[in-house]
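# Okay, structure incoming, though there's no sequence with it:
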């Protein structure tokens, strides 16, 4: 009996097909090496980990070039390593991926002041702790580093409602996506609208910003209508489900009473 | 005379259907103190049939091709009429099947129904439980989502810890070095053909043994009687003066199945997503390892056991030993007493084991 007791405890531990913990993906060599360093050369890793780039799997090599898988040649110019880009070259580095945004920036008052004391991408978005593009980047503290906030405030206020709608719709789409709904079309639609909206972030023409924001709001309304239909479908399913559950419980009660009658 | 009566008469003179109906129905007597827990097997049969039916319906639209599997499942969920209901029923049903199978096993354990002469019933039931788990594991890969891809990668990887044959075993299971299209083909064949066929065969054995040996008497309740098994010759465990299966216990089965159905429908209609963690609706990407993958709730104790031990091999060995011992339980526990309260060592070990198992599950979930 003691053997039985011991084995039962062990037996409850297990069943046949084992599953192991997944290991997180291995860090690239840049992170492995700089992550162990302190001071100026180590700081970027901690900052990068909090960035939108890290969230989307964009590593150091995405901006600085080099070979992220070969420690010996990680910083070899032959492998495309560019080191720290010069200030005037920053828009081109970011523009490797964010082509449209770079063009918006270059045609804006900010871009036209490039090299003459004007801000670059990293002035507002940060360099290693790159922030997700949002209206929060237009704030008195940051804008006032270079100029007054009045004009920027008008532009930000004009875009606030649209930004709020985009964020809310994005959340709803994510929720439905996590429920297996086919949201690819509206997700792409929102992606395009968000990009279109974000091009306004680099514009300083108040009237243009206002009109475009209204047009985008109209497009967002169409996506909201699709989401509303999805919501209604789910509501109807729950009503049907409530009847189905009630029916099953009623059947259980009837079968139980029937059994009692046989006793 | 109605056409049904004519058909019954036609069959009766040929194969004696009325006699069979009496023998298997109203003439099939069960112990008077039979309880609710004896209907777990019927619930499991109901779930199995539901899984087969929903599985066949899914097969109509599912494409077992790594390029198309995820899209086909998305289409089932969104474009096929009631496809979402079929898929959710299949997924929720698989989880509840494991839960009910465990309840069935625990009830057999606590009522001592595994004891002689029912060792083979236990053994066939134990194999059936493992087949259910294997069906769950193989079915998990089929949607070809991030979750299914990486969970399968991790699960098949663990076999690599076995000395000498481990790496070859992993490659055989995957059909290559890594999880890929050949793995999907293998798991699909296992899930829709080999494992269900094995399950039907084992169910046949399980039912044959139940019918041949006779149903056990619960060790408690009104009118309890001692088992008369002596081990010298085969005797059918009859229950003279018992209650007939039809209609009495059939109504208990129907009650239990209806209660199960209410629970099942509540989950399907109100929150089936409790069984779909993050990554379940994202297409598989072999180049993007998700940060944290955890197995389904019923594999969490295994997952945590493997993490506790310093070596994967030791963790696997511990699980293998535990499973072997559990399979051989009736051959190790030969005492005649079946009442749980009169088996204190057994009770402490069983309850402790279950608490440990649930504890590992919670630990695995939170870790």
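On my side now, so go ahead. These figures come from a predicted structure and were not determined experimentally.

# I'd like the distance between residue B:118 and residue B:338.
11 Å (C-beta to C-beta, to the nearest Å). (Glycine included, C-beta is placed from N, CA and C.)

# Likewise for residue B:154?
41 Å.

# Show me what from the stretch 151-263 of chain A comes close to chain B.
Counting by C-beta under 8 Å from any C-beta of the partner chain, the residues of the stretch 151-263 of chain A close to chain B are A:177-182, A:237-238, A:240-242, A:244-245, A:248-249, A:251-252, A:255-256, A:258-259, A:262-263.

# For ChimeraX, write a command that selects the buried ones of these.
Those of those that count as buried under 16 or more other C-beta atoms under 10 Å in any protein chain shown are selected in ChimeraX with:
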select /A:177,178,179,180,181,182,237,241,244,245,248,249,251,252,255,256,258,259
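
# mind listing which of the residues of the stretch 151-263 of chain A next to chain B are in helices?
Judged by DSSP state H, these include A:177, A:237-238, A:240-242, A:244-245, A:248-249, A:251-252, A:255-256, A:258-259, A:262 as members of helices.

# Any residue of whatever helix or strand residue B:354 lives in touching chain A?
Applying DSSP states H and E as the criterion places residue B:354 in helix B:344-366. Yes. Judged by C-beta under 8 Å from any C-beta, helix B:344-366 and chain A are in contact via B:345, B:346, B:348, B:349, B:350, B:352, B:353, B:354, B:356, B:357, B:360.

# and that helix, how far out from the chain's middle?
20 Å (C-alpha atoms, centre = their mean, to the nearest Å).

# Phi first, then psi, for residue B:221.
phi 100, psi 170 (degrees, to the nearest 10).

# Was I right to think residue A:195 contacts residue A:100?
Yes. The pair residue A:195 and residue A:100 passes the contact test of C-beta atoms under 8 Å, sitting 6.8 Å apart.

# In the helix holding residue B:354, which residues are buried?
For helix B:344-366, the buried set under the neighbour-count rule, 16+ other C-beta under 10 Å, comprises B:346, B:349, B:350, B:353, B:354, B:356, B:357, B:360, B:361, B:363, B:364.

# Give me the neighbour count for the closest residue to residue A:65 other than its chain neighbours.
Of all residues not flanking residue A:65 in the chain, residue A:80 sits nearest, at 3.6 Å (C-beta to C-beta, 6 or more residues apart in numbering or on different chains). Residue A:80 has 11 neighbours, counted by other C-beta atoms under 10 Å in any protein chain shown.

# Likewise for residue A:44?
20.

# is it true that it touches residue A:34?
Yes. Look at residue A:44 against residue A:34 with C-beta under 8 Å: they come within range, at 6.5 Å.

# residues of stretch A:115-132 that come out buried?
Applying 16+ other C-beta under 10 Å to stretch A:115-132 flags A:118, A:119, A:120, A:121, A:122, A:124, A:125, A:127, A:128, A:129, A:130 as buried.

# how far does stretch B:264-278 stretch from start to finish?
22 Å (C-alpha to C-alpha, to the nearest Å).

# Equivalent analysis for stretch B:107-120, please.
Stretch B:107-120: ends 17 Å apart by C-alpha to C-alpha.

# How about the contacts made by whatever residue of the stretch 101-250 of chain A ends up closest to chain B?
Chain B sits closest to residue A:241 of the stretch 101-250 of chain A, with a gap of 2.3 Å, by C-beta to the nearest C-beta. Contact analysis of residue A:241 by C-beta atoms under 8 Å, 6 or more residues apart in numbering or on different chains lists B:265, B:266, B:268, B:269, B:270.
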